[in-house]
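# mind folding the following:
(one chain, ligands or ions: 1)
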Amino acid sequence: MSYAAPKDLVGLAFGGDYNPEQWPEEVWHEDVALMREAGVNLVSLGIFSWARLEPREGVFDFGWLDRLMDLLHAGGIRVDLGTPTVVPPAWFYRAHPDALPVSREGVRYAFGSRGAICHSSPAYQEAAARVTRALGERYGQHPALAMWHVHNEYGVPVLECYCDTSAVAFRRWLAERHGTLEALNAAWGTSFWGQTYGDWEEITPPRATPTVCNPAQRLDFARFASDSALANFLRERELLRELSPGVPVTTNFMVSPTQCDTIDYWRWGREVDLVTNDHYLVAEESRNHVNLSMAADLSRAVGGGRPWLLLEHSTSAVNWQPRGIAKAPGEMIRNSLAHVARGSEGAMFFQWRASRFGAEKFHSAMVPHAGTDSRIWREVCELGAHLAALAPLRGTRTVADAAVVFDWQSWWAQRLEWRPSEDLDTRERAEAFYAALFDRHLTVDFLPPDAENLADHPLVVVPALYLATAEAGRNLARYVEGGGTLLVSYFSGIVDENDAVHPGPHPGALRDVLGLVVEEFQPLRATQRVRLAPAPGTAAAGQERPELVGDVWAETVLTAGAETVWRYADGPAAGGPAVTRHRHGAGTAWYLSTRLDAGQLDAVLAAAAADAGLAPRTTLPRDVEVVRREGDAGRFLFALNHTATDAKVPLPGAGTELLTGERAEGALAVPGGGVRVVHLDD
Ligand code: GLA
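Numbers count the residues shown, from 1 in each chain. The predicted model follows:
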């Protein structure tokens, strides 16, 4: 996959969502002047403008947008132009009330918010194509146009629609996936509870049922929902490619599992010219920079490692969390540059100017209600200067130390009802392992289970992969056979793509590579803990392994080739293996059969990392983040100090610190809360 940058954009991108239709035209001129003052070079325009652009069906009003595009162009500001297809106008819903989506319980949502779309509605598809075509024809060659921003955050606030139109589309999708009704019956295991279908017309979306609905049906419906939105994206993309060749087409993702859980981003990432992502901190989390880094690494991953662009984050508080906690001084700049460190080609915000009305008037902005005599505005201008100074690193790629396997479809399957414990949580495991890797200062590439490039990473961690196809299992086994180090956590490799248990004992897809059998799951009671004692003689001399404490889950494990590294000291699997290590081919596969928190995970990770030859960077404080970007433009080292105390970061050579312009060599001083970026000498 090649990397497409916004057309004719100089340097890194800096700007935000611009919603000028909320303001009188006089303000537009002030906006452009202020954008220039801050160094803004790109704005996302028109995302919610359908009602203004097409006030009546088929009648377009482009005058205001013509003036804006020209004004921005004259000001040297490039435009990421939205197709407004996330907000069909009131007249559309009046004519097509059945384009409003229906919930699983059968409630039809109403107009008056945004994102109320049945992605299978032919009326919606036709209207979306009409407004997209009109925009493409009008602005496809406009000199201000840098990129197309299709729709807004597919997947939220609602993706799945359970209406009758969706039922028809679901049947079509199923026929394509399964071919015949017999194959569908087999895949869904409909011989269970007498669910066999004799005619396609009998199949419905998995609407509210008296008790648990067929999990394979629900999993296919989740796939269908992601695919049906994707089809709408592709329809718009194709129109824009035809009318506006050479201009990249994107749609803003929300790859963080904390923020969107309905889109299969592995599939979507292949379809955009440039991955763009929106990320919002969970303000009340004390170490929310870790989740930020995870979102940034996922953004890079879904684009196959290419640079990407942070299209939205906040200058300070958001208005949709329980408390709108303001960012501390310097935090916004640190957040922005943390995304850049992990591959973003700039930093954009929601939104340019704080709204006076509507649902988001208490959301922070680049121009806050307080105006320009404000801390936020001063920091916005400072960030603009920093991004200009970082322009030389454009096009370079983030360098990773280890890989983490994550899969949206597996997550969807695992969280369905009637699993062995309601405490099983794919997202929690992914975040915990990510945090443990972050704490060891290991930069992560996320990969899908069928990735061809596992072998590029000395250590591959699989935090929770309940659904693993037989082929994915073989892929992971091949990686180990070739010399890799694999670390797999519990309840992985259990079912196939239809949520059917793999034949033989658990974990069917991973049994051989792990060299063990899970005879019985031993879920723990809500407050129960289990102690893990290191097995004697498995650690290298001088490397004592600590005792550990697990919760949530344990297993009766029988080794079949693997050695036991930690044993359960108590609990339902007392005396049995808790953590194992298996030499397989030229590599090693580790297995962890209980839940350890991020701190406790470190001991297991350290042992696996040692097998992988990854040396610990123990001299750095936990919350001093060091990330590298490299490429034709050179080698760049980011040091982000998330603590309040000044830190020293060892440099691998001499270079120029780009934010201060000073020479740097030996130990780089990074002030508490600050960021330094060194362009290393060749
Ligand atoms: C999302 C949306 C924006 C805005 C922000 C607020 O990312 O795309 O339109 O609602 O959230 O945080």
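
# so which bits of the stretch 151-300 of the chain are right by the ligand?
Residues of the stretch 151-300 of the chain lying near the ligand by Cβ under 6 Å from any ligand atom: Asn152, Glu153, Asp278, Tyr280. All C-beta spots, glycine's among them, are computed from the backbone N, C-alpha and C.

# please save the CA atoms from stretch 96-108 in PDB.
Extracted C-alpha coordinates of stretch 96-108, given in PDB (Å, rounded to 0.1, in the frame of the first residue of the first chain):
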ATOM      1  CA  HIS A  96     -38.200   8.400   3.800                       C
ATOM      2  CA  PRO A  97     -39.000   7.700   7.500                       C
ATOM      3  CA  ASP A  98     -37.900   4.100   7.000                       C
ATOM      4  CA  ALA A  99     -34.300   5.200   6.400                       C
ATOM      5  CA  LEU A 100     -34.100   5.800  10.200                       C
ATOM      6  CA  PRO A 101     -32.400   2.900  11.900                       C
ATOM      7  CA  VAL A 102     -34.200   0.400  14.100                       C
ATOM      8  CA  SER A 103     -32.600  -0.900  17.300                       C
ATOM      9  CA  ARG A 104     -32.400  -4.600  18.200                       C
ATOM     10  CA  GLU A 105     -35.500  -4.100  20.500                       C
ATOM     11  CA  GLY A 106     -37.400  -2.700  17.500                       C
ATOM     12  CA  VAL A 107     -37.300   1.000  18.400                       C
ATOM     13  CA  ARG A 108     -37.000   3.300  15.400                       C
END
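
# what's in contact with that stretch?
88, 92-93, 109-111, 116-118, 121, 123-124, 127, 158, 160-163, 165-166, 205-208 (Cβ atoms under 8 Å, 6 or more residues apart in numbering).

# most neighbours out of the residues of the stretch 151-300 of the chain next to the ligand, which is it?
Neighbour counts for those (other Cβ atoms under 10 Å) peak at Asp278, which has 25 neighbours.

# find the nearest non-adjacent residue to that one, please.
Closest residue to Asp278 apart from its sequence neighbours, by Cβ to Cβ, 6 or more residues apart in numbering: Glu312 at 3.8 Å.

# for the one you found, give me its contacts.
The contact partners of Glu312, by Cβ under 8 Å, 6+ apart, come to Gly16, Asp17, Asn252, Asp278, His279, Tyr280, Met348, Phe349, Phe350.

# mind checking how far Tyr490 is from the ligand?
Relative to the ligand, Tyr490 is positioned 34 Å away (Cβ to the nearest ligand atom, to the nearest Å).

# can you tell me the closest non-neighbouring residue to that residue?
Closest to Tyr490 by Cβ to Cβ, 6+ apart is Ser593, at 4.9 Å.

# confidence score at that neighbour?
Reported pLDDT at Ser593 in the predicted model: 99.

# that one contacts Phe491, doesn't it?
No - the pair Ser593 / Phe491 is not scored as a contact, 9.1 Å apart, by Cβ atoms under 8 Å.

# need the overlap of contacts for those two.
By Cβ under 8 Å, 6+ apart, the residues touching both Ser593 and Phe491 are Trp553.

# and these two? Which one has more around it.
Per other Cβ under 10 Å, whichever of Ser593 and Phe491 has more neighbours is Ser593, with 29 against 26.

# what about that one, distance to Thr250?
Going from Ser593 to Thr250 by Cβ to Cβ, to the nearest Å gives 42 Å.

# what's the answer for Val513, then?
Val513 sits 38 Å away from Thr250, going by Cβ to Cβ.

# with Glu238 instead?
Plainly put, Glu238 is 14 Å away from Thr250 if you go by Cβ to Cβ.

# who's more crowded, the two?
Using other Cβ under 10 Å as the criterion, Glu238 and Thr250 rank with Thr250 on top: 25 against 13.

# quick one, phi/psi of the more buried one?
Main-chain torsions, Thr250, degrees, to the nearest 10: phi -130, psi 170.

# that one contacts Ala146, correct?
No - counting by Cβ under 8 Å, Thr250 does not reach Ala146; the two are 10.6 Å apart.

# those helices in the stretch 101-250 of the chain, which residues are they?
Along the stretch 101-250 of the chain, counting by DSSP state H, counting those that start in this stretch, helices occupy 122-139, 164-178, 181-188, 215-243.

# got the phi and psi for the residue lying closest to Val255 once chain neighbours are set aside?
Among residues not flanking Val255 along the chain, Leu298 sits closest, at 4.2 Å (Cβ to Cβ, 6+ apart). Backbone torsions of Leu298, given as degrees, to the nearest 10, read phi -70, psi -40.

# ok, Leu298 - how many residues close by?
Look at Leu298: counted by other Cβ under 10 Å, it has 28 neighbours.

# okay, it: pLDDT?
Listed pLDDT for Leu298 reads 98.

# spell out, range by range, the helices that occur in the stretch 251-400 of the chain.
Secondary structure of the stretch 251-400 of the chain by DSSP H, counting those that start in this stretch: the helices cover 265-269, 288-302, 331-341, 375-389.

# for Val212, which of these is the nearest?
Among the helices of the stretch 251-400 of the chain, the nearest to Val212 by Cβ to Cβ is helix 265-269 (26.9 Å).

# the closest one: how far from the chain's middle?
Between the centre of helix 265-269 and the centre of its host chain there is 10 Å, according to Cα atoms, centre = their mean, to the nearest Å.

# show me what from the chain comes close to the ligand.
Residues of the chain lying close to the ligand (Cβ under 6 Å from any ligand atom) are Asn152, Glu153, Asp278, Tyr280, Glu312, Val318, Phe350, Glu360, His363.

# and with 8 Å instead?
Within the chain, the positions lying close to the ligand (Cβ under 8 Å from any ligand atom) are 17, 47-48, 152-153, 156, 252, 254, 278, 280, 312, 314, 318-320, 350-351, 360, 363.

# returning to that earlier point: quick one: contacts for the residue nearest to Tyr490?
Taking Cβ under 8 Å, 6+ apart as the criterion, Ser593 is in contact with Tyr490, Val518, Trp553, Ala554, Glu555, Val557, Ala573, Pro577, Ala578, Val579, Thr580.

# run the last query once more with 6 Å
Going by Cβ atoms under 6 Å, 6 or more residues apart in numbering, Ser593 touches Tyr490, Glu555, Val557, Ala578.

# these two touch, right, Thr196 and Thr190?
Yes - counting by Cβ atoms under 6 Å, Thr196 does reach Thr190; the two are 4.6 Å apart.

# who has more neighbours, these two?
Of the pair Thr196 and Thr190, Thr190 is the one with more neighbours under other Cβ under 10 Å, namely 18 against 14.
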